[in-house]
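Trainee: 3D, please:
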Amino acid sequence: MADINYEINRLLNFAVQNGLITEDDMYYSANLLLDVLKAQEFTMVKVEEKLPTATPILENMLDYMAEKEMFVNTVTQRDLYDTALMNCVMPRPSEVIAKFKADYAVSPEKATENYFALSTASNYIRKDRIDKNVAWKTATEYGDLDITINLSKPEKDPRDIAAAKLVASTTYPKCLLCRENEGFAGHANHPARQNHRIIPMDFHGHQWFLQYSPYTYYNEHCIIFNSEHTPMKISRKSFENLADFLEVLPHYFAGSNADLPIVGGSILSHDHYQGGNYTFAMAKAPIEKEYEFAGFPDVKAGRLKWPMSAIRITSENRQQLIDLAEKILNAWRGYTDESVTIFAETDGEPHNTITPIGRRVGKAYQFDLVLRNNLTTEEHPLGLYHPHAEVHHIKKENIGLIEVMGLAVLPARLKAEMAGIKAALLDDVDSIDDDENLKSHAVWYKEIRAKHTDINKDNVDNIIQEEIGKVFMQVLTDAGVYKRNEQGMEAFDKFVASV
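Mentor: Sure thing, here's the model as predicted:
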């Protein structure tokens, strides 16, 4: 069994090193830890070590608690208790806000850098799990696409699933984005958030909050959420909010998922944006055709060279940029072109919306407006402009903001399946049609074998990763409302002319 006195001192040392507490807080924090651990004695001892995360310490504490039968030893229960342990060495929300403001007075970059470091040190961002994700880049005609296999979210233990059914139904907090999550202890149906800290932001008199995603997919992956639990809605206000955010944190990008099912994100019930300190392939994509919009002399515009259908507008004139973005959105909402199977609505159900992304380019504001449509057909019941059936073996889920910009978030199942594909390729297996675990990849597997005649242990991993990347490019192409052929590009220009 772990020496719990030593582990407490280790955690206190870690917390002081990372600015979560000061030496003045050590006995106070130690006593909070004693209460959670149900320990009776404590002696302060000197610890000299430097760890990248608190995870090894927390794991030892959790093992101690499990051996004492203080909880059922499942992933969900351990997550609830390690968060309770970290809460004992956390600064108050007001202290975090004061530190952010003080750092911001030096520079916006310093404010976000330190806030992100705190969110990681507190184990709110579970870096040890995120580091398990498999990630690579695939070169394409549209730039280097980012590919990740998401392994950071652990699978549910059957005991946790059973426990979740016993939790009384509650509407507090209403969702995972509500501000009420800050400090919430959590339960079997809701993650603990005692180590969660948020930063208030004011967008023209309305309060929003900044936080980081606990499962970051790129550098400083943040979420900006409405103080009110209100549904997602792309409107003029969206463009104003994005511009406001880019004024406060000009080194970040920010964007919104679309506001309709199929083409929207996973949380449509709470208005929010995502952002961060990262440059995606889409941001680097060039303008392949310039457009001019009458009445907007200060705005440069053009069609983006990208598999999805995007209009880029750039201007130092914030007002003109927002006015034009609104004009394009309103035009698209009501636009129908039957020649390329684009319908604004069917049977009263709206189909057209936009995924907007904003960034600063020097003094200028830049918006990428990605045209989206969630029409379903008999042939494509999950969505005509959604990954088609032939790519579902790699990606079946919605194409949200992150994927739109060129970062694939692929399911964890792929890690084991790709290991099976690798073994089959190296063993020169003709077909995997009869393999229950791999047969969804059977057609793709034959294509890989036909394309690559010299597969060996030195190149097989790169080949598989390259082919997955090409499938993701097809996923984005499927999601593009205007196809990248002569008819599609003419139809795209026709819509722009209508604006």
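
Trainee: Tell me the pLDDT of residue 141.
Mentor: You'll see residue 141 listed with a pLDDT of 95.

Trainee: likewise residue 1?
Mentor: 69.

Trainee: next one: residue 155
Mentor: 61.

Trainee: In the chain, where is pLDDT below threshold?
Mentor: 1, 154-158, 160-168, 265 (pLDDT under 70).

Trainee: Show me it divided up by domain.
Mentor: Taking automatic domain parsing as the reference, the chain has its domains at 4-129, 154-214+217-385+486-498.

Trainee: Adding distance to residue 460 and mean neighbour count, write those out as TSV.
Mentor: (Glycine included, C-beta is placed from N, CA and C.) Converted to TSV, these look like this (distance: least, C-beta to C-beta, whole Å; neighbours: other C-beta atoms under 10 Å):
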stretch	distance to residue 460	mean neighbour count
domain 4-129	27	17
domain 154-214+217-385+486-498	25	18
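
Trainee: Turn the ones you listed into TSV, including distance to residue 408.
Mentor: Converted to TSV, the domains of the chain look like this (distance: least, C-beta to C-beta, whole Å):
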stretch	distance to residue 408
domain 4-129	19
domain 154-214+217-385+486-498	10
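
Trainee: show me where the stretch 301-450 of the chain has helices.
Mentor: 318-333, 401-404, 413-426, 442-451 (DSSP state H, counting those that start in this stretch).

Trainee: Which positions in the last one come out as buried?
Mentor: Of the residues in helix 442-451, those scored as buried under the neighbour-count criterion (16 or more other C-beta atoms under 10 Å) are 444, 445, 448, 449.

Trainee: And the last one, how far from residue 427?
Mentor: Read it as residue 449. Taking C-beta to C-beta, to the nearest Å as the measure, residue 449 and residue 427 are separated by 12 Å.

Trainee: cool, and residue 378?
Mentor: The gap separating residue 378 from residue 427 is 40 Å, by C-beta to C-beta.

Trainee: same thing with residue 280?
Mentor: 37 Å.

Trainee: Check residue 84 too.
Mentor: Counting by C-beta to C-beta, the gap from residue 84 to residue 427 is 49 Å.

Trainee: try residue 33
Mentor: Note on residue 33: its distance to residue 427, by C-beta to C-beta, is 53 Å.

Trainee: The closest residue to residue 27 other than its chain neighbours: what's it in contact with?
Mentor: Excluding the flanking residues, the one nearest residue 27 by C-beta to C-beta, 6 or more residues apart in numbering is residue 44, at 7.5 Å. By C-beta atoms under 8 Å, 6 or more residues apart in numbering, the contact set of residue 44 is 9, 26, 27, 30.

Trainee: Out of the residues you listed, which is nearest to residue 241?
Mentor: Set against residue 241, the nearest of the contacts of residue 44 by C-beta to C-beta is residue 26 (41.6 Å).

Trainee: Verify the assumption that the closest one is located in a helix.
Mentor: Yes - Residue 26 forms part of a helix when assessed by DSSP: H, G, I helix; E, B strand; the rest coil.

Trainee: gap between it and residue 9?
Mentor: On the measure of C-beta to C-beta, residue 26 and residue 9 end up 9 Å apart.

Trainee: can you check residue 354 too?
Mentor: Taken as C-beta to C-beta, the span from residue 354 to residue 9 is 54 Å.

Trainee: can you pull out the helices in the stretch 51-200 of the chain?
Mentor: 55-67, 75-87, 93-106, 108-121, 127-130, 158-166.

Trainee: Just the C-alpha atoms of the shortest one, please, in PDB.
Mentor: This points to helix 127-130. Extracted as PDB, the C-alpha positions of helix 127-130 are listed here (Å, rounded to 0.1, in the frame of the first residue of the first chain):
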ATOM      1  CA  LYS A 127      -2.600  15.200 -20.700                       C
ATOM      2  CA  ASP A 128      -1.600  11.600 -19.900                       C
ATOM      3  CA  ARG A 129      -4.600  10.300 -21.800                       C
ATOM      4  CA  ILE A 130      -4.300  12.800 -24.600                       C
END
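
Trainee: which residues touch it?
Mentor: 52, 53, 55, 120, 151, 152, 153, 154, 215, 216.

Trainee: now do the third one
Mentor: Applying C-beta under 8 Å, 6+ apart, the contact partners of helix 93-106 are 91, 110-111, 113-115, 118, 182-183, 197-200.

Trainee: what's the most distant pair in those residues?
Mentor: 110 and 183, at 25.7 Å, using C-beta to C-beta across the contacts of helix 93-106.

Trainee: picking that back up, among the contacts of helix 93-106, which one sits closest to residue 246?
Mentor: Looking across the contacts of helix 93-106 and measuring by C-beta to C-beta, the closest to residue 246 is residue 111, at 14.8 Å.

Trainee: what's near enough to touch the closest one?
Mentor: By C-beta under 8 Å, 6+ apart, the neighbours of residue 111 are 100, 101, 103, 104.

Trainee: The residues you listed: which two are farthest apart?
Mentor: Pairwise over those, using C-beta to C-beta, the maximum falls at 101 and 103, 7.4 Å.

Trainee: Just send the helices of the stretch 51-200 of the chain back as a markdown table, with distance to residue 315 too.
Mentor: Putting these into a markdown table (distance: least, C-beta to C-beta, whole Å) gives the following:
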| stretch | distance to residue 315 |
| --- | --- |
| helix 55-67 | 46 |
| helix 75-87 | 44 |
| helix 93-106 | 26 |
| helix 108-121 | 21 |
| helix 127-130 | 36 |
| helix 158-166 | 50 |
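
Trainee: Burial check on the closest residue in space to residue 150 that isn't next to it in sequence, number of neighbours?
Mentor: Excluding its sequence neighbours, the residue lying closest to residue 150 (C-beta to C-beta, 6+ apart) is residue 409, at 5.4 Å. Using other C-beta atoms under 10 Å, the number of residues around residue 409 comes to 18.
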